[in-house]
Every structure is written in structure tokens, then in C-alpha cells.
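In: Here's a sequence, model it:
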Amino acid sequence: MSAPQKVTKSDAQWKAELTPAEYRVLRESGTERAFTGEYTDTTTTGVYSCRACGAELFRSDAKFPSHCGWPSFYAPTDADHVRLVTDRSFGTVRTEARCASCDSHLGHVFTGEGYPTPTDERWCINSIALRLEPTGPEPAGR
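Out: Coordinates of the predicted model:
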């Protein structure tokens, strides 16, 4: 996969297209409250795309139950679809994940936490930054 096409919009355009909650997270680097997002515990098979621009970001086969309060993935679909930025807010240094296409804030990436994943990474992503397109039947027992 190659990098998605760049999306450039004015602040007024983003405000007109996104809900206030979406705008706060995607454009102002906010965070939804833990355990409140629609995809936190979702096990549906599918593709997770950027809610702002539709660029493909993650697949359900890379999602895992980290029990941290937000959807967690161990890797993006393609590294070119996300942009990593050093985040020094709140008196700490973290790695912020942004959509490479529209520069929307997605969440943060953490490493070395001991999760049993192939990458030893936890991409902690806000549900409100994603849109899930199911590609298979709902798992049994849901």
C-alpha cells in the first residue's frame, strides 16, 4: 500500500463536517474518556478508517484486548498511513499517532509494556477517531 492522498481543509470546513466531540479529538488532540468509546470492546471483523478523511488505518486482526479503556492495535495497516509525532504535553514525552492523510489526532503509541503482541506496541486509539467498516459476520455470542 502507498500513502493515502493528502487532505487539506480549513478549520471552518472541519468544524462544519465534524461533530463538536469529533473536532475536539481529531483537530484539537483531545482524548475521549476511558471505556466510553464505541470500539473499545468491539470484536467485529473489519477495517478501521480515519473518521475525518476515510483513510484506512487499522484492521481488526491487529486489534487486541489491552483493557486500557481505548481500542488497542499492535500495528497500523500500513506505516505510511500514520504519522508519528513527539508529544511533550502534560509533563511527559509520548509518541502521538496522527493520520498521514489529513493530520488528525488518533491517539498514542506505547512500547515495552509487555503485551503479547508481535510488535510489542500498543496503538491506543480514540474510538471517535475511527470508523469501522465490517467485512464479515458479527462474532458468535455478541
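In: The spatially most central residue of the chain: what's it in contact with?
Out: Note on the chain: the residue nearest the mean C-alpha position is Ile125, at 3.7 Å, using CA atoms, centre = their mean. Going by CB atoms under 8 Å, 6 or more residues apart in numbering, Ile125 touches Tyr48, Leu57, Phe58, Trp70, Pro71, Ser72, Phe73, Ala97, Leu106, Gly107. The way it works is simple: take the backbone N, C-alpha and C, and place the C-beta from them, glycine included.
In: helix or strand for the fourth one, which one?
Out: This means Trp70. For Trp70, there is no enclosing helix or strand under DSSP states H and E.
In: Mind pulling up the pLDDT for it?
Out: Model confidence at Trp70, given as pLDDT, is 96.
In: and Glu38, how many neighbours does it have?
Out: By the criterion of other CB atoms under 10 Å, Glu38 has 13 neighbours.
In: err, Ser72, not the other one
Out: As a burial measure, Ser72 scores 23 neighbours (other CB under 10 Å).
In: hang on, isn't it packed against Ala62?
Out: No. With contact defined as CB atoms under 8 Å, Ser72 does not reach Ala62; the gap is 9.3 Å.
In: ok so, going back, just give the nearest non-adjacent residue to the residue nearest to the centre of the chain, would you?
Out: Gly107 (4.0 Å; CB to CB, 6 or more residues apart in numbering).
In: Kind regards, and thank you for your time.
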